[in-house]
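quick check, what structure comes out for this input:
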Amino acid sequence: MIRKFAFWTVLAATAAALGSAQAQAPAGDPPSRVARMSYKSGSVSFRPGSLDEWTEASLNYPFTIGDHLWTQDGARAELHAGATAIRLASDTALGILNLDDLNTQLSVTEGSI
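Residues are numbered from 1 along each chain as shown. Purely as a prediction, here's the structure:
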């Protein structure tokens, strides 16, 4: 009888701990890896993956999956993702397709990196 009571007590405590851990987890976890703009020269535009409007890119902003960058004529930019440096030439359109601890996938639809 005591063994059954101890079993059910441990089971209930474990279920409560798992339930509270899930309740405290944020709805959208932040990305495990981001890229940041370490250098820019000229006009560099940025469009987050969740919006349709372009804005001026700023230094040290965290870029992640779905974000897009555009360097105007004569502009240059440099992104750092971990130990990788990505340099954008002028008139370059860059999209971040995948960015995590194992992969960095970029889409260059115009220009060069």
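
CA atoms of the helix or strand residue 69 falls within as CSV?
Here residue 69, judged by DSSP states H and E, is contained in strand 68-71. Below are the C-alpha coordinates for strand 68-71, written out as CSV (Å, rounded to 0.1, in the frame of the first residue of the first chain):
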residue,chain,number,x,y,z
HIS,A,68,16.3,40.3,-46.5
LEU,A,69,19.0,42.9,-47.2
TRP,A,70,19.5,45.1,-50.2
THR,A,71,22.6,47.2,-50.9
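
given it, what are its sheet partners and their directions?
As defined by DSSP bridges, the strand partners of strand 68-71 come to strand 44-47 (antiparallel), strand 92-99 (antiparallel).

return the helix or strand in the chain with minimum mean pLDDT.
Every helix and strand in the chain was compared by mean pLDDT, DSSP states H and E; the lowest is helix 2-24, with a mean of 52.
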